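Visitor: I would like the atomic coordinates for the input below:
(one chain, ligands or ions: 1)
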Amino acid sequence: MSKQKIALVTGGTGGIGTAICIALADQGRKVIAGYFPPEKEQAYAWKQKHRADGYDFEIVACDVSDFESSQQMLLDVENTIGAVDILVNCAGITRDKTLRRMTPEQWDAVLRTNLDSAFNVTRHVVDKMSENGFGRIVNISSVNGQKGQFGQANYSAAKAGLHGFTKAVAQELAAKGVTVNSVSPGYVKTEMTDAIPAEVRESIIQQVPMGRMASPDEIAYVVSFLTDDRNTYMTGANLPVKAGLGARLFFGPGNAISLDGHRTWRYCVEAGESGVIFYTYAPGKRHLCCSAQ
Ligand code: CAA
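Guide: Purely as a prediction, here's the structure:
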């Protein structure tokens, strides 16, 4: 029987992080949740709560915005539990403000916690993963890293940066059995989105074709798919999990555009984060023509 693989989830005690820890444990992984050092008490309470539910999570303190703290945490984990096989970079914060009111501290805090952290932590796992010929790295980005968001120049920039980081590191590790992918959640029901002003939140939900936010489990499921041992050929990819948010329909010029009377459509282009898809239409039918990234 192969050894139980070890998964580290930074921000593991948070909303999406908790769901990821549960999904990975359900997949048979030994799960370690990273928490922000000042939140020690809450982290221990979190551990106890989940132990009562049958989940024996380890917890480790680490300020992922700091290179040395991340290095020390990985050393401790390696010495006490073992080398990390699966890393999910999930730690993240918001400091929302329009650019004209954003302070350098708000910019720095978000860039350091949401983007530098991926470098700080990943840097210390890649050698062992490469040596072992197995590794799964998943960076939790955001739909806002691709579409941008009013009031989130810092967050959108950091999350967009994670895409570049993912694609570059994926290339460097592709020959070593280590895959590197990102997941871009849309709006997920967590404390982070609870903090959005109610009227703004409502207007965002109205733009989601499914008309609701995601539950953290819906994001965690995709992470567990990416980290599965059998998922060996997918790397450098970004999986948007956003219920169609941001996908738009464009119609060919000269066509009568009516959502009800679609028999008159000739062609249609759907543009979203995953690329552009061209469709042709015949009465009552929709044919995929081609798609491009
Ligand atoms: N579009 C257009 N206008 C908007 C707007 C929007 N989305 N949001 C706010 N405004 C308007 C305000 O009504 C206000 O208008 P007036 O000046 O006419 O009154 C103006 O923009 C700016 O308002 P403020 O002076 O209050 O600006 P501020 O610098 O304090 O910023 C804000 C306010 C932080 C942007 C606040 O509106 C807010 O929190 N918005 C939500 C931001 C958001 O969506 N965050 C996502 C968090 S969840 C997440 O990040 C997870 C994920 O990955 C998806």
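Visitor: ok, the residue of the stretch 51-200 of the chain found nearest the ligand - contacts?
Guide: At 2.4 Å from the ligand, residue 151 is the closest residue in the stretch 51-200 of the chain, using Cβ to the nearest ligand atom. The C-beta positions use only the backbone N, C-alpha and C, and glycine is treated the same way. Shown in contact with residue 151 (Cβ atoms under 8 Å, 6 or more residues apart in numbering): 96-98.
Visitor: Repeat the analysis, applying 10 Å as the threshold.
Guide: Counting by Cβ atoms under 10 Å, 6 or more residues apart in numbering, residue 151 touches 94-99, 101-102, 144, 196-197, 200.
Visitor: Just the element for residue 33, please.
Guide: strand 30-35 (DSSP states H and E).
Visitor: ah, wrong one, I meant residue 154
Guide: Assigned by DSSP H and E, residue 154 belongs to helix 153-173.
Visitor: so for the helix or strand just after that helix, what's the average pLDDT?
Guide: Following helix 153-173 in sequence order, the next helix or strand is strand 178-185 (DSSP H and E). In this model, strand 178-185 has a mean pLDDT of 98.
Visitor: Break this structure into its domains for me.
Guide: 6-241, 248-292 (automatic domain parsing).
Visitor: from these, which stretch is densest packed?
Guide: domain 6-241 (a mean of 19; mean count of other Cβ atoms under 10 Å).
Visitor: gap between the two ends of that one?
Guide: 25 Å (Cα to Cα, to the nearest Å).
Visitor: Centre of the chain to it, how far?
Guide: Offset of domain 6-241 from its chain centre (Cα atoms, centre = their mean, to the nearest Å): 6 Å.
Visitor: lowest-confidence helix or strand of the protein?
Guide: strand 285-292 (a mean of 47; mean pLDDT, DSSP states H and E).
Visitor: quick one, what contacts the nearest residue to residue 196 once chain neighbours are set aside?
Guide: Of all residues not flanking residue 196 in the chain, residue 204 sits nearest, at 7.2 Å (Cβ to Cβ, 6 or more residues apart in numbering). By Cβ under 10 Å, 6+ apart, the residues touching residue 204 are 149, 186-187, 193, 196, 213, 245.
Visitor: which stretch of helix or strand covers the residue lying closest to residue 157 once chain neighbours are set aside?
Guide: In space, and not counting its chain neighbours, residue 157 is closest to residue 111: 6.9 Å by Cβ to Cβ, 6+ apart. Assessed by DSSP H and E, residue 111 sits inside helix 104-111.
Visitor: and that helix with helix 153-173, angle?
Guide: 30 degrees (axes from the mean of the first three to the mean of the last three Cα atoms, to 10 degrees).
Visitor: Put the alpha carbons of helix 104-111 into CSV.
Guide: What follows is helix 104-111, C-alpha atoms only, in CSV (Å, rounded to 0.1, in the frame of the first residue of the first chain):
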residue,chain,number,x,y,z
PRO,A,104,0.3,51.8,0.6
GLU,A,105,-0.4,49.6,3.6
GLN,A,106,-3.6,48.2,2.1
TRP,A,107,-1.8,47.5,-1.2
ASP,A,108,1.2,45.8,0.5
ALA,A,109,-0.9,43.7,2.9
VAL,A,110,-2.9,42.2,0.1
LEU,A,111,0.0,41.7,-2.3
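Visitor: If you count contacts, what does that helix end up packed against?
Guide: Counting by 3 or more Cβ pairs under 10 Å, 6 or more residues apart in numbering; DSSP states H and E, the packing neighbours recorded for helix 104-111 are helix 153-173.
Visitor: tell me the pLDDT at the residue most central in space within the chain?
Guide: By Cα atoms, centre = their mean, the chain has its centre lying nearest to residue 140, at 2.1 Å. Here the pLDDT value assigned to residue 140 is 98.
Visitor: what residues does the stretch 101-250 of the chain put near the ligand?
Guide: 101, 142-144, 149-152, 155, 187, 192-193, 196-197, 200 (Cβ under 6 Å from any ligand atom).
Visitor: From those, which land in helices?
Guide: 144, 155, 192-193, 200 (DSSP state H).
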